[in-house]
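Asker: Here's a sequence, model it:
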Amino acid sequence: MADKYGCEDLYVIPKYKVQVRIMLIWITIKSFVDADSDYAKNCANELQDKLNEKI
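Answerer: Numbering: from 1, shown residues only. Coordinates of the predicted model:
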């Protein structure tokens, strides 16, 4: 069934951003977008973990 704009089967693909805060400004390092939201979230979490590792 179409919505009031005539569009059918609309869905949202989530976007996960990995950001760092530098002097009160948030900077996006990388964005992850995929139809499989679990995969995109896992990729973002993996990058975040790598950034948080102490060298």
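Asker: Okay, buried residues for the helix or strand containing residue 19 please.
Answerer: Taking DSSP states H and E as the criterion, residue 19 maps to strand 15-22. Under the neighbour-count criterion of 16 or more other CB atoms under 10 Å, strand 15-22 has 16, 18 buried. C-beta coordinates here come from the backbone N, C-alpha and C atoms, glycine included.
Asker: Just give me how far that strand sits from the chain centre.
Answerer: Chain-centre distance of strand 15-22: 9 Å, with CA atoms, centre = their mean, to the nearest Å.
Asker: now what about it, what contacts it?
Answerer: Applying CB atoms under 8 Å, 6 or more residues apart in numbering, the contact partners of strand 15-22 are 26-33, 40-41, 43-44, 47-48, 51.
Asker: neighbouring strands for that strand, and are they parallel or not?
Answerer: Partner strands and pairing direction for strand 15-22 (DSSP bridges) are strand 25-33 (antiparallel).
Asker: Let me know the next secondary structure element after the strand it pairs with.
Answerer: helix 37-52.
Asker: list the helices and strands that next one packs on?
Answerer: strand 15-22, strand 25-33 (3 or more CB pairs under 8 Å, 6 or more residues apart in numbering; DSSP states H and E).
Asker: Reformat these into TSV and put mean pLDDT next to each item.
Answerer: Listed next are the helices and strands packed on helix 37-52 as TSV, based on pLDDT from 0 to 100:
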stretch	mean pLDDT
strand 15-22	89
strand 25-33	91
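Asker: Now the residue nearest to the spatial centre of the chain. Nearest residue, chain neighbours left out?
Answerer: Centroid-nearest residue in the chain: residue 16, 0.9 Å away (criterion: CA atoms, centre = their mean). Closest residue to residue 16 apart from its sequence neighbours, by CB to CB, 6 or more residues apart in numbering: residue 44 at 3.8 Å.
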